[in-house]
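A.B. asks: coords below, sequence missing:
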């Protein structure tokens, strides 16, 4: 493992910080990783991206994404949690890695072109591709054996078929010594064999099985009971009022 565990010193987190009010991580002092691929799952606002971002910045990545060599800021929005984090590294040493986040990928793609020109190399023109194609191209260009990769909702721009391609890329690199920490809602990616899944729902973060994730359960429920579920969700106000009267 490249990162064995994350330790949070809560004395270093300001009393006014919103991080203290996130149930999944409030009071958690140590988080250990047991597999080459670890998924963070949970509802929107549950703290997944906040923790991933803090780990990334503590490791030396730019808050908006890219490699550890990226140094730019469109707007500083990251929390101060990274200042309280200590990373305990395993025997594996990584000289390469990438922090990929959906919300700021446009800025990273722009910088990728600028850095390529400044260094006299061949720029990667990600803006010339569709959003999904450029997302997948980053993975295929950047994922290498033995690297550390932090991915924040990488499925956001990908079709189901492209998610399967990304799944294969992650598996290939993980088997060659890479480590991944991934925030995801994708039941396709979460199905990766051997991955550890940590839930940020229902109190402090804790491990869950694949079929116990909300992503799997909701998609499975919808596919298997589509008509009944849609009828219930999309019924008009008149039907809803009649039910209330009954």
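C.D. replies: Received it, and whenever you're ready, just let me know what you need. Every value quoted in this text rests on a predicted model; they were computed, and no experiment measured them.
A.B. asks: the helices in this structure, which residues?
C.D. replies: Assigned by DSSP state H, the chain shows helices spanning 48-59, 105-118, 131-142, 160-174, 214-224, 226-233, 237-245.
A.B. asks: Can you spell out the domain ranges of this structure, please?
C.D. replies: Residue ranges for the domains of the chain, per automatic domain parsing: 3-211, 213-246.
A.B. asks: so where's this structure shaky on pLDDT?
C.D. replies: 69-79, 102-132, 236-246 (pLDDT under 70).
A.B. asks: at 90 instead, please
C.D. replies: Along the chain, the model assigns pLDDT under 90 to residues 1, 14-18, 27, 60-80, 89-98, 100-145, 156-158, 202-203, 232-233, 235-246.
A.B. asks: so how far is stretch 169-179 from its chain's centroid?
C.D. replies: Taking C-alpha atoms, centre = their mean, to the nearest Å, one finds stretch 169-179 lying 16 Å from the centre of the chain it belongs to.
A.B. asks: Now do the buried residues in that stretch.
C.D. replies: 169-171, 173-174, 178-179 (16 or more other C-beta atoms under 10 Å). For the C-beta atoms, the positions are set from N, CA and C on the backbone; glycine is no exception.
A.B. asks: just those now: which is nearest residue 91?
C.D. replies: Closest approach to residue 91 among the buried residues of stretch 169-179 (C-beta to C-beta): residue 179, at 12.3 Å.
A.B. asks: Can you report how many residues neighbour the residue nearest to the closest one when sequence neighbours are not counted?
C.D. replies: Counting by C-beta to C-beta, 6 or more residues apart in numbering, residue 179 lies nearest to residue 2, which is 4.5 Å off, once chain neighbours are set aside. Per other C-beta atoms under 10 Å, the neighbour tally for residue 2 reads 23.
A.B. asks: Was I right to think residue 2 contacts residue 88?
C.D. replies: No - under the criterion of C-beta atoms under 8 Å, residue 2 makes no contact with residue 88, lying 10.7 Å away.
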